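Participant: sequence and computational prediction follow.
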Amino acid sequence: MLKNSTQPAGGGNVMYPGKVPGKVKYTFAFGALGKDMIYGMIATFSMIYFTDIIKVAPAFIGIMFFSAKIWDAFNDLFMGMLVDNTRSRFGKFIPWLTVGTLINAFVFIILFTDFHLSGIGLCVFAAVAYVLWGMTYTIMDIPYWSIVPNLTSDPHEREKVSVLPRIFASIGQSLIIAGFGVQIIKGLGGGYTGYHRFALIIAATFIFTIAVTVINLPKKQVGKKAEKVSFKDIFSIIKRNDQLRWAVALILLYNVGIQLIMGVATYYFAYVCNNSSMLSAFMISASIAEVVGLIIFPKVTKMLSRKKAFLMACILPAIGLLILLLTGIFAPQNIVLTVIAGVIVKTGTGLELGCATVFLADVVDYGEYSWA
């Protein structure tokens, strides 16, 4: 994935040397809707589902989540190697997108199924289901985002292609799941029944949206075949590509922080503010702001620069969280201030999502150039 994704000088392995057809561009982006609905359900509700619905010990859940994140770092590298070494008549991405989606949807439903376990058995189930979900999600997530630098080598077209799936992802994760998730779960029966039914709907949506993506992607291999990459080669590539190391480190730290915020937000509004409906006000306004941040990303980078846009993306969430902290201390029931905080936080994350996608595509090109 890292070594041979694109040829920066208009060469070998891009699907379209210039403009990407609208049908391909929008159906590819549509896949992110279901993909991030399933991710959003895990990021926003899995922790409270484990602790409050099926009654897993909170201390164990904290350790489990932390350990899973460490494992994910190695799992991503291994999956990247598998994708890069894939040779099939459908290319290197479509087989993994298809298999990963189907397996992940199945594991997702199992995770939100109550088998009436308790004690050690319940802890084992929670750990295995959660880690397995993360591993199977990686099977389809790595090839999905690896398609971006393979679609086009044109930098302006790449920015447009990068932003579109992020917009669909924000609609799925932030607006539908985080924004209306509480109401949907209640409407589907509440408690365990609501969670389980919602999981079934999300899994079906996930499979449908990725199917639309797969059907409309080019099926043939493009460009010359590259040599296979070993696990050892991956570390050699990372060692050579200093831009990749910094980009991945920054994006990883940022995403861990944002995911922590989203996971804790459910508890914060339910137990600190004593008003879980405020979560919807925060998330709905925040999700709209995130989409706006993604839409204005190309204009911001044109007016300023990618570096300044990323700096803004880091500063805005800090300001929004400070406002939310002060609101929690002095006016915990104030919806207006809560909404303002959410808008500021997620405008920053919208800019960061745009930056992250373009950064990773660019460092792939840098790696190609330095490796040549």
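Facilitator: Perfect, thanks for sending it.

Participant: I'd assumed L311 was in a strand, is it?
Facilitator: No. The assignment for L311 by DSSP: H, G, I helix; E, B strand; the rest coil gives helix, which leaves it out of any strand.

Participant: how many residues are close by it?
Facilitator: Applying other C-beta atoms under 10 Å, we find 14 residues neighbouring L311. Where you see a C-beta, it was placed from the backbone N, CA and C, and this is true even at glycine.

Participant: and it, how far from M64?
Facilitator: Separation of L311 from M64 (C-beta to C-beta, to the nearest Å): 34 Å.

Participant: same question, L188
Facilitator: Taken as C-beta to C-beta, the span from L188 to M64 is 26 Å.

Participant: comparing those two, which residue is more hemmed in?
Facilitator: M64 (20 against 17).

Participant: how far off centre is the helix or strand hosting I296?
Facilitator: Assigned by DSSP states H and E, I296 falls within helix 277-303. Remark: helix 277-303 is offset 15 Å from the chain centroid, using C-alpha atoms, centre = their mean, to the nearest Å.

Participant: quick check: mean pLDDT of it?
Facilitator: Averaging pLDDT along helix 277-303 yields 83.

Participant: check stretch 192-206 too.
Facilitator: Mean predicted lDDT for stretch 192-206 stands at 98.

Participant: now do the same contact list for the residue nearest to W71 when sequence neighbours are not counted.
Facilitator: Among residues not flanking W71 along the chain, V131 sits closest, at 6.5 Å (C-beta to C-beta, 6 or more residues apart in numbering). V131 sits next to 64, 67-68, 71 when contact means C-beta atoms under 8 Å, 6 or more residues apart in numbering.

Participant: what subset of those is buried?
Facilitator: Among the contacts of V131, those buried by neighbour count (16 or more other C-beta atoms under 10 Å) are 64, 68.

Participant: just the contacts of V131 now: which is nearest Y267?
Facilitator: Nearest to Y267 among those is M64, at 16.3 Å by C-beta to C-beta.

Participant: what residues are up against the closest one?
Facilitator: Contacts of M64 (C-beta under 8 Å, 6+ apart): 126-127, 130-131.

Participant: restricted to helices, list the residues you listed.
Facilitator: Among the contacts of M64, the ones falling in helices (DSSP state H) are 126-127, 130-131.

Participant: rebuild those as a markdown table, extending it with distance to L117.
Facilitator: Shown next, in a markdown table, are the ones in helices among the contacts of M64 (distance: C-beta to C-beta, whole Å):
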| residue | distance to L117 |
| --- | --- |
| A126 | 9 |
| A127 | 12 |
| Y130 | 14 |
| V131 | 16 |
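
Participant: reformat these as JSON lines; add distance to Y144 and pLDDT.
Facilitator: As requested, the ones in helices among the contacts of M64 are arranged in JSON lines below (distance: C-beta to C-beta, whole Å; pLDDT from 0 to 100):
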{"residue": "A126", "distance to Y144": "27", "pLDDT": "96"}
{"residue": "A127", "distance to Y144": "26", "pLDDT": "95"}
{"residue": "Y130", "distance to Y144": "21", "pLDDT": "95"}
{"residue": "V131", "distance to Y144": "20", "pLDDT": "94"}
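
Participant: ok so, going back, report the two of the contacts of V131 separated the most.
Facilitator: Taking C-beta to C-beta as the measure, the contacts of V131 have their most distant pair in M64 and W71, spaced 10.6 Å apart.

Participant: where does the stretch 151-300 of the chain have low pLDDT?
Facilitator: 220-244, 247-248, 251, 255, 263, 276 (pLDDT under 70).

Participant: just the element for L325, please.
Facilitator: helix 306-330.

Participant: what is the orientation angle of that helix with helix 277-303?
Facilitator: Between the axes of helix 306-330 and helix 277-303, defined by axes from the mean of the first three to the mean of the last three C-alpha atoms, to 10 degrees, the angle is 160 degrees.

Participant: quick one: average pLDDT of helix 306-330?
Facilitator: 87.

Participant: which elements pack onto that helix?
Facilitator: Where contact means 3 or more C-beta pairs under 8 Å, 6 or more residues apart in numbering; DSSP states H and E, helix 306-330 is packed against helix 242-267, helix 277-303, helix 335-371.

Participant: buried stuff in it?
Facilitator: Those would be 306, 309-310, 312-314, 316-317, 320-321, 323-324, 327-328, for helix 306-330 by 16+ other C-beta under 10 Å.
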